[in-house]
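Student: sequence first, predicted model second:
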Amino acid sequence: MGTMLVTLGTVGEQIMGNAVRFISALIFLIAAILNAPSLSGAAEKVYKGEISDSQCAFGVHSRHRSHDEMIAMGHAGNTPAECTRYCVNYRGGRYVLETKKDVFKLDNQELAEKFAGQAVKLTGTLDTKTNTIQVIKIEPIPEY
């Protein structure tokens, strides 16, 4: 009978070891599925537009979704770049990508700041739930 308990103990350890390996593999698989861009619908894409600020782009203080009104008031500098930085630094705005049709939030504010007010080609993946682009790369272009 003593021998039988030792055998069951070894079998129990094997079952426990298999269960731990199975759970670890399952967690890894779930994490891989949730983070896979191709499965979540997020594919790398190139966008063209202007790095603007959310205040101007969403018409918070501009009826025409442009920097013109803020610049004309004399409070936000003389260029789209100065207006964009002013609205981010002093009006609570965030850097966004404004295209001809849409406005997208950007996850990398530090990189976007370098291109404030400029026409750009931005490469990234769009999270459609939050309308936020995970920025991979930003390049200046002559116009869009």
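Tutor: The structure has been received and is ready for your questions. On a predicted model such as this, the values are computed, not experimentally measured, just so you know.
Student: what are the ranges of the strands in the chain?
Tutor: 44-53, 95-98, 103-106, 119-127, 132-140 (DSSP state E).
Student: to residue 78, which of those lies closest?
Tutor: With Cβ to Cβ, the closest approach to residue 78 among the strands of the chain belongs to strand 44-53: 15.7 Å. Quick note: C-beta positions are derived from backbone N, CA and C, even for glycine.
Student: if we can go back for a sec, which one of the strands of the chain lies closest to residue 80?
Tutor: Closest to residue 80 of the strands of the chain is strand 44-53 (Cβ to Cβ; 7.1 Å).
Student: so in that sheet, which strands flank that closest one, and in what orientation?
Tutor: Partners of strand 44-53 in the sheet, by DSSP bridges, are strand 95-98 (antiparallel), strand 119-127 (antiparallel).
Student: can I get the strands of the chain in JSON lines with mean pLDDT, mean neighbour count and distance to residue 86?
Tutor: Formatted as JSON lines, these follow (pLDDT from 0 to 100; neighbours: other Cβ atoms under 10 Å; distance: least, Cβ to Cβ, whole Å):
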{"stretch": "strand 44-53", "mean pLDDT": "96", "mean neighbour count": "20", "distance to residue 86": "8"}
{"stretch": "strand 95-98", "mean pLDDT": "96", "mean neighbour count": "24", "distance to residue 86": "12"}
{"stretch": "strand 103-106", "mean pLDDT": "97", "mean neighbour count": "19", "distance to residue 86": "18"}
{"stretch": "strand 119-127", "mean pLDDT": "97", "mean neighbour count": "18", "distance to residue 86": "19"}
{"stretch": "strand 132-140", "mean pLDDT": "97", "mean neighbour count": "16", "distance to residue 86": "20"}
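Student: of all these, which lies closest to residue 59?
Tutor: Each of the strands of the chain has some distance to residue 59 by Cβ to Cβ; the shortest is strand 103-106, at 9.7 Å.
Student: direction included, what does that closest one pair up with?
Tutor: If you go by DSSP bridges, strand 103-106 pairs up with strand 95-98 (antiparallel), strand 132-140 (parallel).
Student: could you dump those strands to TSV with distance to residue 51?
Tutor: Shown next, in TSV, are these (distance: least, Cβ to Cβ, whole Å):
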stretch	distance to residue 51
strand 95-98	6
strand 132-140	7
